[in-house]
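Novice: Sharing a model prediction with you, sequence too.
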Amino acid sequence: MKNENEASHGRHVAAENIPPIFPDGKSGFVPQQPRAQRGAGAAQYGQFGSAGVSMPPVGNGRPKKKVGRVLGITLGVVIALLAIAYCGVALYFGSHFMPNSVIGNLDTSLMSSAEAKSALTSKVNDYELSIKGDGFSLAVSAKDAGIAFDADEVVEDALSQTNEWLWPVELTRAHDATASMVSSYNDAGLEQVVTQAVDAFNATAKQPVDAAVSFNEKLGKFAVSKESVGTAIDSAKVIAAADAALADLTPKVTLTNSDLLQPTVLSSDPRLQQAADKANTMIGADITLTMAKSVAAEVDATLISQWVVLDENLDATLDRDAMTSWVDELGDQCDTVGSTRTYTRVDGKVCTVSGGTYGWEIDHDGLMDLVTDGVDNGLVETVEVPYVRSCEVYNGVGGRDWGNRYIDVDLTEQHAYMYDDSGKVVWESGVVTGIPDEKKSTPEGVYVINLKKTDETLHTLQDDGVTYKDTVVKYWMPFVGNTVGLHDAWWQPDSAFEDSQAYANGYGSHGCVNLPSDKAAELYDLVQLADVVVVHR
């Protein structure tokens, strides 16, 4: 058994050793009550030990729950109010601009969408852009430029660039929606208006000049010439400046020298000096062109300098078009085939003849190649002009280009002569030439004997235009193809060769030069292939 003293140890505590447990410092000890009352006390305060000593609990449970509930309700109300306020602000900025917002130079801060649309529309309708500088002046209104402006679209696009639900963050940022307004000008008529005005201005303005390689006559050589700016305006730069002004509805654009058209080739480009050196090699050529030992032309520095051009790579080259023109011009000066020539016959008669197949004819392609190669290689030489046809002498266009030996057929006199190499008459005879009409007259011009043949059958077309008459001649000496020539006409009466009008009075041929048989035989023995025949009046 437990010792009674032990059992009771701890149940009885001296009052003076019990600490106060209430705020007022009073003892919380409750004197022992009768058993019947102790149950209620124990239930209220709790029971200490088996001896039934009861102590009141620390704190009060019911007040603590009430405070927590109040705090929770208060916090919930605050959060709800904050949420309502947050959403309200977000809803506000869904149709209003944030602070520090601009569209171009229009401050839209805190404007509603309707207010911003009205302000933008008014601003654009009253807008006029002034572009001045470099002698150029242009005033462009929104209407004149055909500006396609949609205020609704601009404002809606500008508002869409902010997130109203993140308004606390958005409030810390600047909002520039100028780009929304710029997009509305992309399809406008501004470009056309500016371009037309600039083109009209540039029509009388001084255009920029690229640096180039040019022939300096004082120095006698090619040198690099400097570039210059001029006064013409760059329409692309003006349009860009105008677009930038329209972006924020700036009313004025001032042009500067940087807006002028600039040269694209500068004298500092090393290729220019290389080209000048090459060009100076080209003009070192000096080619003397001759025809029958007569000087026809000279290709020297003065002429070559007119042909030297720069290609797209700034390399010195020859202008083929300019050279072709020169070759054609030289051909006009030197080609004598078919040209009109005037000469004085041995007997003193001044004769003029046009047409024919005899004369000088330059080989244009051959001359082009000769000159091109000569210039490229700096050729200094006397060279015969390449030709398709040549003559004995060259006296230029209009001059006699055959030698002393030739056959002269005078249609007016109805007489023919043959001269030898010394210019002496070695044969002559009366002739009957073609009937003087468009189809049967003897063709005028300078020709050559191209065939000698005996006992030739001539097929002569009759007047009905269908029937041919065959005639055999003893001596056939054609000079126009194989159709017109000198030949014996045994059927003609002797009197026809003595009458200068017989050819027009029913004795005329179909174009050939009729000769008495004996005279035809004499000429046949004298004539040689390629002997010149001159038929004139």
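Specialist: Great, that's in hand.
Novice: quick one, strands of the stretch 1-150 of the chain?
Specialist: In chain order, the stretch 1-150 of the chain shows strands spanning 47-48, 53-54, 101-103, 106-107, 128-133, 136-141, with DSSP state E, counting those that start in this stretch as the criterion.
Novice: Which strands and helices lie in contact with the fourth one?
Specialist: Put plainly, it is strand 106-107. For strand 106-107, the contact count by 3 or more C-beta pairs under 8 Å, 6 or more residues apart in numbering; DSSP states H and E identifies helix 113-125 as packing neighbours. Just so you know, the C-beta spots here come from the backbone N, C-alpha and C atoms, and that holds for glycine as well.
Novice: What are the contacting residues of the helix it packs on?
Specialist: Taking contacts as C-beta atoms under 8 Å, 6 or more residues apart in numbering, the residues outside helix 113-125 that touch it are 95-97, 103-104, 106, 108, 111, 142, 147, 149, 151-152, 154-156, 158-159, 181, 249.
Novice: swap the cut-off to 7 Å and go again
Specialist: Contact with helix 113-125 is made by 95, 97, 103, 106, 108, 111, 142, 147, 149, 151-152, 154-155, 159, 249, as judged by C-beta atoms under 7 Å, 6 or more residues apart in numbering.
Novice: With stretch 371-388 instead?
Specialist: 281-282, 284-291, 296, 299, 304, 318, 323, 360-363, 366-367, 370.
Novice: Quick check on the residues you listed: which are buried?
Specialist: Applying 16 or more other C-beta atoms under 10 Å to the contacts of stretch 371-388, the neighbour count classes 282, 284-287, 289, 291, 296, 299, 304, 318, 323, 360-363, 367, 370 as buried.
Novice: Helix, strand or coil: sort out the residue nearest the centre of the chain for me.
Specialist: Centrality entry for the chain: nearest residue to the mean C-alpha point is residue 312, 12.6 Å, by C-alpha atoms, centre = their mean. The three-state label for residue 312, taken from DSSP: H, G, I helix; E, B strand; the rest coil, comes out as coil.
Novice: May I have the predicted confidence score for it?
Specialist: At residue 312 the predicted local confidence, pLDDT, stands at 92.
Novice: and the gap between it and residue 263?
Specialist: The gap separating residue 312 from residue 263 is 16 Å, by C-beta to C-beta, to the nearest Å.
Novice: How about residue 310?
Specialist: Separation of residue 310 from residue 263 (C-beta to C-beta): 14 Å.
Novice: do the same with residue 175
Specialist: Residue 175 is 44 Å from residue 263, by C-beta to C-beta.
Novice: What of residue 421?
Specialist: Counting by C-beta to C-beta - residue 421 and residue 263 are separated by 66 Å.
Novice: Those two: which is more packed in?
Specialist: residue 263 (17 against 9; other C-beta atoms under 10 Å).
Novice: Not including adjacent chain positions, what is the nearest residue to the more buried one?
Specialist: What sits nearest to residue 263 in space, not counting adjacent residues and going by C-beta to C-beta, 6 or more residues apart in numbering, is residue 227, at 3.8 Å.
Novice: Could you do residue 89 as well?
Specialist: Distances taken as C-beta to C-beta, 6+ apart place residue 167 nearest to residue 89, at 5.5 Å, with adjacent residues excluded.
Novice: Give me the phi and psi for that neighbour.
Specialist: Dihedral angles of residue 167 (phi, psi; degrees, to the nearest 10) stand at phi -60, psi -30.
Novice: Can you verify my assumption that it contacts residue 91?
Specialist: No - the pair residue 167 / residue 91 is not scored as a contact, 10.1 Å apart, by C-beta atoms under 7 Å.
Novice: where along the stretch 351-500 of the chain do the strands fall?
Specialist: Defined through DSSP E, counting those that start in this stretch, the strands belonging to the stretch 351-500 of the chain, from first to last, are 361-362, 380-384, 387-389, 406-410, 415-419, 425-430, 445-448, 453-461, 468-480, 484-488.
Novice: try the stretch 151-300 of the chain
Specialist: Going by DSSP E, counting those that start in this stretch, the stretch 151-300 of the chain shows strands at 175-176, 212-216, 221-225, 252-254, 286-291, 294-299.
Novice: Could you measure from residue 524 over to residue 534?
Specialist: Here the distance between residue 524 and residue 534 works out to 19 Å (C-beta to C-beta).
Novice: Which one's more surrounded, these two?
Specialist: For residue 524 and residue 534, the more surrounded residue by other C-beta under 10 Å is residue 534, and the numbers stand at 25 against 19.
Novice: ok, the contacts of helix 113-125 vs residue 447, which is closest?
Specialist: Distance ranking of the contacts of helix 113-125 against residue 447, using C-beta to C-beta, places residue 147 first at 78.6 Å.
Novice: Quick one, grab the pLDDT at that closest one.
Specialist: pLDDT at residue 147 comes out at 68.
Novice: do residue 110 as well
Specialist: Residue 110 is assigned 93 on the pLDDT scale.
Novice: Could you do the one 5 residues further on as well?
Specialist: Confidence per residue is given as pLDDT, and for residue 115 that number is 93.
Novice: Same check on the one 5 residues further on?
Specialist: Turning to residue 120, the model gives it a pLDDT of 84.
Novice: count of residues packed around it?
Specialist: Applying the criterion other C-beta under 10 Å, we find 25 residues in the vicinity of residue 120.
Novice: Can you give me the distance of it to residue 181?
Specialist: As defined by C-beta to C-beta, residue 120 lies at a distance of 8 Å from residue 181.
Novice: what do those two both touch?
Specialist: Common contacts of residue 120 and residue 181 (C-beta under 7 Å, 6+ apart): 103, 154.
Novice: What ranges in the stretch 1-150 of the chain fall below the confidence cut-off?
Specialist: Under the criterion pLDDT under 70, the flagged ranges of the stretch 1-150 of the chain are 1-65, 145-149.
Novice: Can you show me the helices along the stretch 151-300 of the chain?
Specialist: With DSSP state H, counting those that start in this stretch applied, the stretch 151-300 of the chain shows helices at 151-159, 167-170, 178-182, 190-202, 235-247, 270-282, listed in chain order.
Novice: tally of neighbours for residue 79?
Specialist: Other residues within reach of residue 79 by the criterion other C-beta under 10 Å amount to 10.
Novice: So what touches stretch 240-252?
Specialist: Counting by C-beta under 7 Å, 6+ apart, 104-105, 123, 127-131, 178, 181-182, 185, 190, 194, 253 sit against stretch 240-252.
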